Each structure stands twice: as C-alpha cells, then as structure tokens.
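Visitor: need coordinates for the following:
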Amino acid sequence: MDLQVDEAEHSMEMHLPYLAKVFYGYPVKVVPILVGAVSAENEAMYGRLLAKYVDDPNNFFSVSSDFCHWGSRFNFTHYDKKHGDVHKSIEALDRMGMDIIETGDPEAFKHYLSEYDNTICGRHPISVFLHMLKNSSTKLKIKFLRYEQSSQCKSMRDSSVSYASAVSKVDP
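Guide: Model (predicted):
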C-alpha cells in the first residue's frame, strides 16, 4: 500500500488498546494482517493458507469491522418498510448478515453481500476468517454478543453506522 493508504488505515490503532488490556502481563506477539479489497478467490486462498493457525490453541485472532454505514453520505439507503422505522430496517439487515456469519459459511456470506450490498467495511477480512474456519480441523462456533447503532435513523435524511461484536470458541 502507498503512504496515503497506510496513514488512513486505523484498524490496528483501534485494536491495540483492547489487546493490550486483555493480554496485560502476558508475553504476546502481534502479527497484523491487513486485508484489502481482495477477490472472492483470494479470500478463499488466504483462508486456506491461514487455516492451520486456527488449529494452534496459542493463536488468537481479532477481526475488525463496522457493520452497516447507512445514509446518503455513505451512498447506502436500503430501507425495508416491513420492519418499521429506518433504524429497525438497518438492524434487520445487519442481523441477517450476523446470522449468516454465525453459520460459518463463507459462500452464504458472499451471497448475502451480493444480494443486499450491505456496507460492512470489513467484509473481506470476515470472509477470510470464515474460510479459515471452514478449512481448519478445529471447529469453532461464532456467536454475536452485542449490536449497536451510532444513531437511530428515523428519516431518509439521517445517517448511522452499526457495530457488532462476536466471539468464536471451540465447538464441542
């Protein structure tokens, strides 16, 4: 990446304070992997290459993404009136994606993104992680724990960014 892209990238700056808190006092090594706008084929390839690291219980993965960036300033105003208020439609769209991510199926996630164009900025690293899980011998289960929106959009003039957090653990 060029210097301008590098200076604009902030995912590590968002993660490091949390990782420092969680792993305080433990000797850890951080290996950052930046996933850009790669093709579906490359998502699958990177997932296959990295899958063996899922099988090592000493490894921990932190995958970062906002969810829906909704509003005219984001060029995304998907609204399904059957859900009521705009913010409820946004949540329904996000929860549909979250439910698919919980299945661990990278192809279903790809189909969801293709069909709804949800503006999940970390869709590529999420896809790589889903491919890692698909190709590892350790079976992990993903579970979303929390969901929030920066504001509750009520009109088409509003805007919002959604946030979701999940964990994955060994599926017995």
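
Visitor: what about the closest residue to Cys153 other than its chain neighbours, how many residues nearby?
Guide: Once flanking residues are discounted, Cys153 sits nearest to Val86: 4.0 Å by Cβ to Cβ, 6 or more residues apart in numbering. Every C-beta, even on glycine, is put in place using the N, C-alpha and C of the backbone. Using other Cβ atoms under 10 Å, Val86 has 23 neighbouring residues.

Visitor: what pLDDT does the model give Glu7?
Guide: pLDDT, the model's per-residue confidence, is 76 for Glu7.

Visitor: give me the element it is part of.
Guide: Following DSSP states H and E, one finds Glu7 within helix 3-8.

Visitor: do the same with Phe144
Guide: Counting by DSSP H and E, Phe144 is found in strand 140-149.

Visitor: enumerate the positions of that strand that are buried.
Guide: By neighbour count with 16 or more other Cβ atoms under 10 Å, strand 140-149 contains the buried residues 140, 142, 144, 149.

Visitor: same check on stretch 57-65?
Guide: Applying 16+ other Cβ under 10 Å to stretch 57-65 flags 62-63, 65 as buried.

Visitor: so who does Leu93 touch?
Guide: 68, 78, 80, 116, 118 (Cβ atoms under 8 Å, 6 or more residues apart in numbering).

Visitor: next: Val167.
Guide: 142-143, 145.

Visitor: strands along the chain, start to end?
Guide: 69-70, 140-149, 160-170 (DSSP state E).

Visitor: closest one to Arg95 among the ones you listed?
Guide: Ranking these by their distance to Arg95 (criterion: Cβ to Cβ) puts strand 140-149 first, at 7.1 Å.

Visitor: what sits up against that closest one?
Guide: Under the criterion Cβ under 8 Å, 6+ apart, residues 54, 67, 87, 90-91, 94-95, 98, 101-102, 104, 133, 160-171 lie in contact with strand 140-149.

Visitor: show the pLDDT at Met1.
Guide: Note for Met1: predicted pLDDT of 67.
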